[in-house]
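1. quick one, structure for this:
(chains A and B)
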Number of protein chains: 2
Amino acid sequence: MTTAPAAALGTRELALRERARRVIPGGMYGHMRVEAFSRAHPQFMVSGNGCRVTDADGREYIDLMCGWGPIVLGHRHPAVTAAILDQFERGDCLDGTSPVAVDYAELLVDTVPSADWAMFCKNGTDATTMCVTTARAATGRRKVLVATGAYHGAVPWCALRGKGVTAEDQAHLIHFEYNDLASAEAAAAEAGDDLAAILVCPMRHDIRRDQELADPAFARGLRALADRTGAVLILDDVRCGLRLDLRGSWEPLGVRPDLTAWSKALANGQPLGAVTGTEALRDAARSIYVTGSFWYAAVPLAAGLATLRELRKGQALPAMARTGSRLRDGLAAQAAAHGFEIRQTGPVQMPVLYFAEDSDISLGTAWAEAAVTRGVYLHPWHNWFLSAAHTDADIDDILDRTDDAFAAVRRLPH
Amino acid sequence: MTTAPAAALGTRELALRERARRVIPGGMYGHMRVEAFSRAHPQFMVSGNGCRVTDADGREYIDLMCGWGPIVLGHRHPAVTAAILDQFERGDCLDGTSPVAVDYAELLVDTVPSADWAMFCKNGTDATTMCVTTARAATGRRKVLVATGAYHGAVPWCALRGKGVTAEDQAHLIHFEYNDLASAEAAAAEAGDDLAAILVCPMRHDIRRDQELADPAFARGLRALADRTGAVLILDDVRCGLRLDLRGSWEPLGVRPDLTAWSKALANGQPLGAVTGTEALRDAARSIYVTGSFWYAAVPLAAGLATLRELRKGQALPAMARTGSRLRDGLAAQAAAHGFEIRQTGPVQMPVLYFAEDSDISLGTAWAEAAVTRGVYLHPWHNWFLSAAHTDADIDDILDRTDDAFAAVRRLPH
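-> Okay, the predicted model is just below:
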């Protein structure tokens, strides 16, 4: 099949892209470089409110990416916005930490059963790196098991792609297959008495493929493997954290990690990462030297505190589960009505949709482009994110537009 | 000699420390863990305004650390504050980048002669890591020369201390001595045809020792060495950037790096890092995969733009040079009057002060503790930072208090 013609990008968007190409390599970098996944998505956005975002040409979209995860309560959530402005008025980047760091660490420890302490940082990658370093400090060992294809950050020690990485950067990684306990056991055997940690995401959410929930037996098996070998079980909850279960994404499975890496949704958009861990790892966490110029700033911590307080009220996560199901059911019905076979995988709060027999994701890309030109911002091959700001009416509004997108893709020559 | 008795910390400070010890390993971590350098400095701060900060007990200090560097215009600078609030009102963490990223990249490129492009991130460590990765991508080589003891971040590949680091993390680093061109030549020879980069700070600002300005012949020699070997010259301007020379800290020496890492002062306290580079390295920068959840957020970029616009007005850097000289001259006179031999090194905008015959820095620590209890926040063994908010009157106020601190230390038994 051929794909849809490129949707017309706005004049301001085009002018900004032209300027950006001169002063930013490739015009943009990283996961938000839209030319890597679409000819129709705007590169530039200027505002957000609730579950809606607006691009540089004033076009509004219902947002199914939520800032690629951080926005869990909705853009400009009143309570978080008030906390940000209040803290900013008082003080942000000072010579010492704000008391809000203690308030927030206490609330995290109270919320997360596997947490006896917390440390804060800026990036998800900061958090995963701190976890691995802590595990090595605790065990005096070096090897780290990671699932093939799993994303744990964009720095050389865990990079999945891109240039400039040396073999030594990843010399102590040993790979296993997600949801394949035997492969993890084999990787542990390869590590022998040098096994420091098992680093794993709560589900398989690798790009360009179906998501897979963790098989509870797999999760429990990793916990037992860590216990048996004296290795540290690290849960990389950066992407899923605070959307699936406030206590940690494996708590429903009864599996508690030794260390957890958090970021994205922690502070509803403010730059914040965190590591939480067990009492047994407190001294090891203290023994590593980690820091950053902005890690102690008060505003993101105040936003984190306000976000967690709001989430603990108990309405946000059930709301995302309900609206996520409504979206999934609606998309399934639409696809069937238009004669498409699709796969929707992963938890409904973090959906992804692929078309059958679409290995190059050209059909999926055409559909995502059709959706974005109709005012629904979603991605062809990275999971989406719901927020608590999405109402049933917003989902129905999305579905009105995606129905039209399915119809448009159906009309394409193939 | 014995040191001064511990100054009385405030009751709120003590209560916060007790709570923090339960939920944060060691009570705090990284460079802001005050127990690592003082018994008198407050761990917790609640507000800042101009060149003054206030701790949890309401005690005010004249600030000579400036958030450990970021605060270059003063806390709550009106123009930056207005830019932050204006951008926050419109949008911060969205699904795409804000147009302000382009405005800011253009202004950086216009300001920094060695910059043909810019990329943005959150930490100084993000920026140095991106530089090294870009250099390896550009050259297809692996070895990186770094000065012994130089701080380039707190992650395993460049860690100076702390546990959890493996030999492989630093397998491709080769060390030279700062300001010793022959040692750099020898390190390059050791790297042979595998030399990817020379990573160097604009001056030697290692902790616990005198600072050293770069010998211009050393800087020019590194430039020539990089040119001769085809290696990339990376300037780590994270700590000095925008305080010594807006064009880059080695521009006065006539030495232009291929890549520059920036952070700290870029956005007057907002979390932001950047890499700038030459046209020759644009494709390599594009070929690496780097990203972060909050790297595209608009508020820190708007703050960076406002900060650079303010600095380009031309008053801030000369003001810091003038007040820095006034401080240095005053401290020198006071030390002599009180019969102390001291060393003040580095640029006056980033001073540090050591006492003679004080190898364990016990005297320096006692003096810093005496200063902080008298309302001047400075550090015993990390360089301080001036800001444009410091006036001559503020310096005189500082000197009134440091005179008393010298007198107090003179009265100690020894």
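2. would you map the helices across chain A?
-> Secondary structure of chain A by DSSP state H: the helices cover A:11-23, A:78-90, A:100-111, A:124-139, A:181-191, A:216-229, A:282-287, A:298-312, A:316-337, A:362-373, A:392-410.
3. point out the most buried one among those.
-> When the helices of chain A are scored by mean count of other C-beta atoms under 10 Å in any protein chain shown, the highest mean neighbour count falls to helix A:124-139 (a mean of 28). Bear in mind the C-beta positions are built from the backbone N, C-alpha and C, glycine included.
4. elements contacting that helix?
-> Contact partners of helix A:124-139 among helices and strands, from 3 or more C-beta pairs under 8 Å, 6 or more residues apart in numbering or on different chains; DSSP states H and E: strand A:117-121, strand A:195-200, strand A:232-236, strand A:259-262, strand A:273-277, helix A:282-287.
5. make JSON lines out of these and add distance to chain B.
-> Converted to JSON lines, those look like this (distance: least, C-beta to the nearest C-beta, whole Å):
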{"stretch": "strand A:117-121", "distance to chain B": "5"}
{"stretch": "strand A:195-200", "distance to chain B": "9"}
{"stretch": "strand A:232-236", "distance to chain B": "11"}
{"stretch": "strand A:259-262", "distance to chain B": "11"}
{"stretch": "strand A:273-277", "distance to chain B": "8"}
{"stretch": "helix A:282-287", "distance to chain B": "4"}
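6. A:Arg208: which of these is closest?
-> strand A:232-236 (18.7 Å; C-beta to C-beta).
7. name every strand pairing with the closest one and say which way it goes.
-> strand A:195-200 (parallel), strand A:259-262 (parallel) (DSSP bridges).
8. ok, and the closest non-adjacent residue to the residue in the stretch 51-200 of chain A that chain B sits nearest to?
-> Chain B sits closest to A:Gly162 of the stretch 51-200 of chain A, with a gap of 2.9 Å, by C-beta to the nearest C-beta. The spatially closest residue to A:Gly162, leaving aside those adjacent along the chain, is B:Tyr289, at 2.9 Å (C-beta to C-beta, 6 or more residues apart in numbering or on different chains).
9. hang on, isn't that neighbour packed against A:Ala154?
-> Yes - counting by C-beta atoms under 8 Å, B:Tyr289 does reach A:Ala154; the two are 5.7 Å apart.
10. find the residues that touch each one of these two.
-> Both B:Tyr289 and A:Ala154 are contacted by A:Gly30, A:Gly162, under the criterion C-beta atoms under 8 Å, 6 or more residues apart in numbering or on different chains.
11. between these two, who's got more neighbours?
-> A:Ala154 (26 against 20; other C-beta atoms under 10 Å in any protein chain shown).
12. quick one: low-confidence ranges for chain A?
-> A:1-7, A:414 (pLDDT under 70).
13. okay, now the domains of it?
-> Domain assignment of chain A by automatic domain parsing yields the ranges A:8-37, A:78-312, A:315-380+A:398-414.
14. give me the spatial nearest neighbour of A:Gln43, chain neighbours excluded.
-> Spatial nearest neighbour of A:Gln43, chain neighbours left out: A:Val34 (4.7 Å); criterion: C-beta to C-beta, 6+ apart.
15. could I get the helices of chain A as CSV with distance to A:Tyr354?
-> As requested, the helices of chain A are exported to CSV (distance: least, C-beta to C-beta, whole Å):
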stretch, distance to A:Tyr354
helix A:11-23, 27
helix A:78-90, 33
helix A:100-111, 34
helix A:124-139, 25
helix A:181-191, 24
helix A:216-229, 23
helix A:282-287, 40
helix A:298-312, 30
helix A:316-337, 11
helix A:362-373, 6
helix A:392-410, 13
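16. which of these sits closest to B:Gln270?
-> Among the helices of chain A, if distance is taken as C-beta to C-beta, the winner is helix A:298-312, at 9.0 Å.
17. got the contact list for the closest one?
-> Residues from elsewhere that reach helix A:298-312 (C-beta under 8 Å, 6+ apart): A:72-73, A:77, A:79-80, A:82-84, A:86-88, A:90-94, A:97-98, A:100-101, A:103-104, A:107-108, A:111, A:120, A:242, A:246, A:265-272, A:274, A:316-317, B:271.
18. phi, psi for the most centrally placed residue in chain A please.
-> Nearest to the mean C-alpha position of chain A, by C-alpha atoms, centre = their mean, lies A:Arg239 at 2.5 Å. Main-chain dihedrals, A:Arg239, degrees, to the nearest 10: phi -80, psi -40.
19. my guess is it contacts A:Gly69. True?
-> Yes - assessed by C-beta under 8 Å, A:Arg239 is found in contact with A:Gly69 at 6.0 Å.
20. list the residues that contact both of these two?
-> Common contact partners of A:Arg239 and A:Gly69 (C-beta under 8 Å, 6+ apart): A:Lys264.
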